[in-house]
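**Q** Give me a model of this one.
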Amino acid sequence: MPRRIDILYLIAWVSYAIFTLTMFPVFKITAGIPVFPLMALGAWLYGTSTGLKIIVGALIFHMYLLGAVYADILTVYQSRATSPVIAIVTVLVMGNLRKNIDAIKETNKKLDQMVEERNIKLAKLTAKLLADSESVKIRHGQRLHDG
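**A** Sure, this is the predicted structure:
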């Protein structure tokens, strides 16, 4: 059963494809700019390896768009030179950022657990210290009373 976020992500890609196919004659190559946040989001949600697979799909779509639907040689060469590099860097950065944030969260959980364990030990030691202190007071009181 797909998660809600998976469905929303798929809808975003379908919307992007429809937008790009319909608006490319107007915006030219800039119609493809929204693909970068989509690829970054994919790397964030599904990891770097899946993000790199998303790049392959996006590049195939763009090559089809540029080569078959709207053949413009200059635009094709501009896109071939910059888009793959930007896409790969974006996905690698977002995938690693997500991995690092997850590692930080895990470390924080471990540290919180260690603090909780130490607080329990400290509470036990404090209770023991108070009990011992009270017993010493009682013994000193009895010594003083007994003379």
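**Q** only C-alpha atoms for contact and neighbour calcs from this point on.
**A** OK.
**Q** What are the buried residues along stretch 45-52?
**A** Judged by neighbour count using 16 or more other Cα atoms under 10 Å, the buried positions of stretch 45-52 are 45, 47-48, 50-52.
**Q** who's in contact with the strand or helix carrying Leu38?
**A** Element membership of Leu38, judged by DSSP states H and E, is helix 35-46. Helix 35-46 is contacted by residues 9, 12-13, 16, 49-52, 54-55, 58, 86-87, 90-92, 94-95, 97-98 when judged by Cα atoms under 8 Å, 6 or more residues apart in numbering.
**Q** ditto for stretch 48-58
**A** Contact with stretch 48-58 is made by 35, 39-40, 42-44, 84, 87-88, 91-92, 94-96, as judged by Cα under 8 Å, 6+ apart.
**Q** In the chain, which residue is most central in space?
**A** The C-alpha lying nearest the average C-alpha coordinate of the chain belongs to Arg98 (Cα atoms, centre = their mean; 2.9 Å).
**Q** ok now the helix holding Leu38, how far from the chain's centre?
**A** Relative to the chain's own centre, helix 35-46 is displaced by 10 Å; criterion: Cα atoms, centre = their mean, to the nearest Å.
**Q** between the helix or strand just after it and helix 35-46, how big is the angle?
**A** Sequence-wise, the next helix or strand downstream of helix 35-46 (DSSP H and E) is helix 48-64. For helix 48-64 against helix 35-46, the angle by axes from the mean of the first three to the mean of the last three Cα atoms, to 10 degrees is 150 degrees.
**Q** what's the following helix or strand past helix 48-64 packed up against?
**A** The element immediately downstream of helix 48-64 (helix or strand, assigned by DSSP H and E) is helix 73-146. Contacts defined by 3 or more Cα pairs under 8 Å, 6 or more residues apart in numbering; DSSP states H and E place helix 73-146 against helix 35-46, helix 48-64.
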